[in-house]
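# missing the sequence, but the structure's below:
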């Protein structure tokens, strides 16, 4: 579960927003530990949309000023359901493969109202429903002492997008447009490494996804680009047999940088963040993980919005020997 607090600002005003959601449910079953055979399944977010913006405007004509207020709201997202398995190819080499199904709806609504009773409010409602499949292949290599290397590739077939557009006015019947289109979802490549020395583990990861092939409905001033992510971390590993409680906990810190996949007003949107977390043993094979993340996204240049965000997440891992 993740709770988010965001402070959004432009050159003239600012606003605090928050939300929370269940992020992921997953399970893994070991079938043969000697051969490294296991089966895993779960649900997790692929993307999420949450925003609410209000903007006032005015138009002067025929010696009269007309003022209005427009509210822009977006919500929803795409989720991924997956099932997969692992097998040990060599003593130092593990292979994992999973199939996935991406699904979900994203809606964006624009409601405009006027302060003059001669003009009636109106609303434009857009909904895009996504459906499509894909797969992920990953490998882990442990043949170098104290070093673990990993790599993944995630590929998706074209996703079907069912678009529903509806214009609502107080004096006219609803106008509805429906159409089905397809869009390519990005190919993602990721590489990571972890080095263990004594009580500590140092980690690093890079990932890249090409969103330039994404062809979905968007404003004319928005374009898509390649998304890149770099992150590093350090952990003080837990000692389950330690006599003191604090030594039985694991502690983690991290930092990262993301070049996000969209460009607005010819301005690329980037994100920087840092995090701190702990893993607390509750009982045998049962752990509580908690992490706090803070960072900044975007810029106020070119009339855009900068977001300062904080996330607090909790997860519970429950294990049982069969």
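Arrived safely. Note that the structure is predicted; figures quoted are calculated from it, not measured. Numbering: from 1, shown residues only.

# Okay, now the unreliable bits of the protein?
Where the chain drops to pLDDT under 70, the residues are 62, 170-173.

# Pick out the residue closest to the middle of it.
Geometric centre of the chain, nearest residue: residue 47, 4.6 Å, by Cα atoms, centre = their mean.

# I'd guessed that residue sits against residue 78; true?
Yes - the pair residue 47 and residue 78 passes the contact test of Cβ atoms under 8 Å, sitting 4.9 Å apart. Where C-beta positions appear, they are placed from N, C-alpha and C, glycine not excepted.

# in which helix or strand would I find residue 43?
strand 37-61 (DSSP states H and E).

# Sorry, wrong one. I was asking about residue 70.
Using DSSP H and E, residue 70 sits within strand 64-90.

# helices and strands around that strand, which ones?
Strand 64-90 is packed against strand 37-61, strand 93-114, strand 122-144, with contacts defined by 3 or more Cβ pairs under 8 Å, 6 or more residues apart in numbering; DSSP states H and E.

# Strand partners (parallel or antiparallel) of that strand?
Sheet neighbours of strand 64-90, with direction, are listed as strand 37-61 (antiparallel), strand 93-114 (antiparallel) (DSSP bridges).

# Next, the buried residues of that strand.
Of the residues in strand 64-90, 68, 73-74, 76-80, 82, 84-86, 88 count as buried by neighbour count, 16 or more other Cβ atoms under 10 Å.

# Please name the nearest non-neighbouring residue to residue 228.
residue 259 (4.5 Å; Cβ to Cβ, 6 or more residues apart in numbering).

# how many other residues sit next to that neighbour?
When counting by other Cβ atoms under 10 Å, one arrives at 15 neighbours for residue 259.

# Report the contact partners of it.
Residue 259 is in contact with 225-229, 268, 270, counting by Cβ atoms under 8 Å, 6 or more residues apart in numbering.

# Which single one of the residues you listed is nearest to residue 190?
residue 229 (8.5 Å; Cβ to Cβ).

# Now do the SS call for the closest one.
Classification of residue 229 by DSSP: H, G, I helix; E, B strand; the rest coil places it in strand.

# From residue 256, how far off is it?
Relative to residue 256, residue 229 is positioned 6 Å away (criterion: Cβ to Cβ, to the nearest Å).

# and the nearest residue to residue 184 once chain neighbours are set aside, how many neighbours?
Take residue 184 and drop its neighbours on the chain: the residue closest to it by Cβ to Cβ, 6+ apart is residue 213, 4.2 Å away. Using other Cβ under 10 Å, the number of residues around residue 213 comes to 12.

# tell me the contacts of residue 213?
Taking Cβ under 8 Å, 6+ apart as the definition of contact, the neighbours of residue 213 are 183-184, 186.

# Quick check: strands, which of the residues you listed are part of them?
For the contacts of residue 213, the ones inside strands are residue 183, with DSSP state E as the criterion.

# Just put the contacts of residue 213 in CSV and tack on distance to residue 287.
Conversion of the contacts of residue 213 to CSV gives the following (distance: Cβ to Cβ, whole Å):
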residue, distance to residue 287
183, 39
184, 39
186, 33
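
# quick one on the thing from earlier: restricted to buried residues, select the contacts of residue 259 in PyMOL.
What follows is the PyMOL syntax selecting those of the contacts of residue 259 that are buried according to 16+ other Cβ under 10 Å:
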select buried, resi 225+227+228+229
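
# of the contacts of residue 259, closest to residue 28?
Checking the contacts of residue 259 one by one against residue 28 (Cβ to Cβ), the nearest turns out to be residue 229, at 24.7 Å.
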